[in-house]
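Undergrad: turn this into a structure:
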Amino acid sequence: MMKKDFMFTSESVTDGHPDKLCDQVSDALIDRFLQQDPFSRVVAECAVSKGILFIAARFASQASVDIPDVARQVIGQIGYEHGAFNAKDCTVMTSLMELPALSYPQPDERQMGEEELEAIAARNQANVFGFACNQSAAMMPLPIWLSHKLARRLAAARFQKQLPYLAPDGKTQVGVEYRDGRPHRIHSITLVASQWSTAPRGHDKLRDDLHEHVIEPAFLAEELRPDARTHVFINPDGPVVNGGPSLHSGMTGRKNAVDTYGEYSRHSESALSGKDPSRIDRVGAYAARYAAKNVVAAGLAQACEVHLAYSIGITRPVSVQVDSFGTGSIPDAEIADRVHAHFDFRPAGIVRAFNLRYQPQLFRGGFYRRLSVYGQVGRMDVGLPWEATDKAGLLR
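TA: A predicted model of the protein is given here:
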């Protein structure tokens with residue numbers, strides 16, 4: 001059963017946060033490989049600190065990718081174009097392992113029959129979770145939904161030059177009070193905004209600017225808004241000058257809660273960024289979200305968690321569990337039976353259903369890089385296939 005009266009907080013970060021910078025570099029590499037060769041197998045991990053960015057990648061592909069150049073492009077596009085850490089002068093170190101070449105042509109999931117789909121097993125073990133609830137338009141928990149909105153507005157205020165003195169690194173947090181299991185009021189808002197050392201603003205000016213250009217626009221269309229008792233914290237630990245890798249280090253996959261449900265529900269055990277579609281620990285998390293969201297959209301539950309467990313060498317998940325936390329209109333076992341009947345959780349089935357090998361060719365600027373910041377689920381700005389509710393009617 002879900003708790004009734006409580007307060008919950010979730011955080012998000014902007015694209016200039018060092019962890020998210022690493023996620024974006026890793027996923028930009030996935031995009032670049034798949035754009036040239038949709039059957040590339042790639043794992044790309046990144047770490048950054050001060051003036052150094054380190055990439056460890058292993059791949060089997062017919063693509064030819066200038067890995068350091070991709071990293072520098074991402075760094076520059078985020079906004080690190082000058083200062084102690086910048087796209088031109090930072091050191092990019094690589095440790096690359098080219099795996100044995102794949103035989104071509106590779107089998108295309110879009111052309112496969114049932115026997116072929118059944119023959120492709122999970123290549124690694126994984127526990128993945130998908131969650132959905134009716135707290136927001138995106139069927140996401142309200143704290144992470146609002147934290148992402150604030151983070152996007154914080155970045156937009158810089159990109160649109162409303163607040164040009166802001167640096168790319170930023171963090172947000174929203175606390176929501178729940179009554180009888182439902183969001184009741186906004187308890188607190190925290191913004192940590194970095195500023196360029198060349199154009200700092202005092203705390204009062206920064207507070208007023210962030211209220212006008214970040215907090216107010218983010219909550220404009222929301223049913224719950226800050227009230228007179230809402231605690232608003234702006235850089236509560238003091239000024240943040242320059243921020244980013246010159247201040248603190250980053251690493252791929254270190255923001256799993258930001259990528260998923262803000263710790264409101266369980267999230268998958270592995271990092272999502274930096275992995276090609278053959279990795280079930282990434283794509284299985286998308287499939288679990290797809291199933292959970294359709295359960296809620298069908299009205300079968302107010303909140304739903306779908307848990308998939310995979311073992312190496314086995315095609316189908318060895319366990320499919322559904323938990324509606326006592327909010328289901330029918331028993332959880334019946335919901336699980338319907339999910340079993342209408343969703344294909346086989347690795348090749350997921351790749352086919354979401355067209356995951358070819359998405360980077362369809363999205364200008366790349367597909368997986370878009371997922372690497374502001375959430376890999378619950379997005380209403382990208383048209384993600386796992387955010388569709390096209391199976392709600394079947395589940396009913």
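
Undergrad: so which residues of the stretch 101-250 of the chain form helices?
TA: Counting by DSSP state H, counting those that start in this stretch, one finds helices in the stretch 101-250 of the chain at the ranges 114-119, 142-159, 203-210, 216-219.

Undergrad: to residue 350, which of those helices lies closest?
TA: helix 114-119 (10.2 Å; CB to CB). Placement of C-beta: from N, CA and C, glycine included.

Undergrad: buried residues in the closest one, which are they?
TA: residue 117 (16 or more other CB atoms under 10 Å).

Undergrad: name the helices or strands packed onto it?
TA: helix 347-354 (3 or more CB pairs under 8 Å, 6 or more residues apart in numbering; DSSP states H and E).

Undergrad: want to throw the helices of the stretch 101-250 of the chain into CSV with mean pLDDT and distance to residue 101?
TA: Below are the helices of the stretch 101-250 of the chain laid out as CSV (pLDDT from 0 to 100; distance: least, CB to CB, whole Å):
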stretch, mean pLDDT, distance to residue 101
helix 114-119, 95, 21
helix 142-159, 98, 40
helix 203-210, 96, 52
helix 216-219, 98, 48
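
Undergrad: which among these is found nearest to residue 9?
TA: Nearest to residue 9, of the helices of the stretch 101-250 of the chain and by CB to CB, is helix 142-159 at 5.9 Å.

Undergrad: residues of the closest one that come out buried?
TA: 142-158.

Undergrad: can I assume residue 72 is in contact with residue 85?
TA: No. Assessed by CB atoms under 8 Å, residue 72 is found out of contact with residue 85, at 11.8 Å.

Undergrad: compare these two (neighbour count), which wins?
TA: When neighbours are counted by other CB atoms under 10 Å, residue 72 and residue 85 differ, and residue 85 comes out ahead with 24 against 20.

Undergrad: so who does that one touch?
TA: Counting by CB atoms under 8 Å, 6 or more residues apart in numbering, residue 85 touches 48, 50-51, 75, 242, 244-246.

Undergrad: in CSV, list the helices of the stretch 101-250 of the chain along with distance to residue 322.
TA: Converted to CSV, those look like this (distance: least, CB to CB, whole Å):
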stretch, distance to residue 322
helix 114-119, 23
helix 142-159, 21
helix 203-210, 41
helix 216-219, 33
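
Undergrad: picking up where we left off before, show me which of the contacts of residue 85 are buried.
TA: 48, 75, 242, 244-246.

Undergrad: now do the contacts for the closest residue in space to residue 163 that isn't next to it in sequence.
TA: Leaving aside its chain neighbours, residue 163 sits nearest to residue 157 (4.4 Å; criterion: CB to CB, 6 or more residues apart in numbering). Neighbouring residues of residue 157 by CB under 8 Å, 6+ apart: 163, 166, 209-210, 213-214.

Undergrad: let's see it at 10 Å
TA: When contacts are counted by CB atoms under 10 Å, 6 or more residues apart in numbering, residue 157 touches 163-164, 166, 170, 193, 209-210, 212-214, 217.

Undergrad: before we move on, what about residue 266?
TA: Residue 266 touches 127-131, 260, 305, 307, 323, counting by CB under 10 Å, 6+ apart.

Undergrad: could you confirm residue 80 falls within a strand?
TA: No. Counting by DSSP: H, G, I helix; E, B strand; the rest coil, residue 80 falls outside a strand, being coil.

Undergrad: was I right to think it contacts residue 87?
TA: Yes. Using CB atoms under 10 Å, residue 80 makes contact with residue 87 at a distance of 5.9 Å.

Undergrad: which neighbours do the two share?
TA: With CB under 10 Å, 6+ apart, residue 80 and residue 87 have common neighbours 72, 74.

Undergrad: between these two, who's got more neighbours?
TA: residue 80 (26 against 19).

Undergrad: tell me the pLDDT of the more buried one.
TA: On the pLDDT scale, residue 80 is placed at 97.

Undergrad: where along the stretch 51-200 of the chain do the strands fall?
TA: 52-60, 91-98, 126-133, 166-179, 182-195 (DSSP state E, counting those that start in this stretch).

Undergrad: go on, the stretch 251-396 of the chain?
TA: Using DSSP E, counting those that start in this stretch, strands in the stretch 251-396 of the chain cover 303-310, 319-323.

Undergrad: tell me which of the strands of the stretch 51-200 of the chain is the most buried.
TA: strand 126-133 (a mean of 25; mean count of other CB atoms under 10 Å).

Undergrad: what is the orientation angle of that strand with strand 319-323?
TA: 20 degrees (axes from the mean of the first three to the mean of the last three CA atoms, to 10 degrees).

Undergrad: so how far is residue 70 from residue 28?
TA: 5 Å (CB to CB, to the nearest Å).

Undergrad: and for these two, which residues touch both?
TA: Common neighbours of residue 28 and residue 70 (CB under 10 Å, 6+ apart) are 44, 366, 369.

Undergrad: name the SS class of the first one, please.
TA: What it means is residue 44. Applying three-state DSSP: residue 44 is strand.

Undergrad: so what pairs up with it in the strands?
TA: residue 57 (DSSP bridges).

Undergrad: could you count how many residues lie near residue 365?
TA: Residue 365: 10 neighbours (other CB under 10 Å).

Undergrad: correct me, but it touches residue 28?
TA: Yes. Using CB under 10 Å, residue 365 is in contact with residue 28, at 9.2 Å.

Undergrad: between those two, what contacts are shared?
TA: Going by CB under 10 Å, 6+ apart, residues that sit against residue 365 and also against residue 28 are residue 77.

Undergrad: among the contacts of residue 85, which are in strands?
TA: Mapping the contacts of residue 85 onto strands (DSSP state E) picks out residue 48.

Undergrad: can I get the contacts of residue 85 in CSV with pLDDT?
TA: What follows is the contacts of residue 85, written out as CSV (pLDDT from 0 to 100):
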residue, pLDDT
48, 98
50, 92
51, 92
75, 98
242, 94
244, 97
245, 97
246, 94
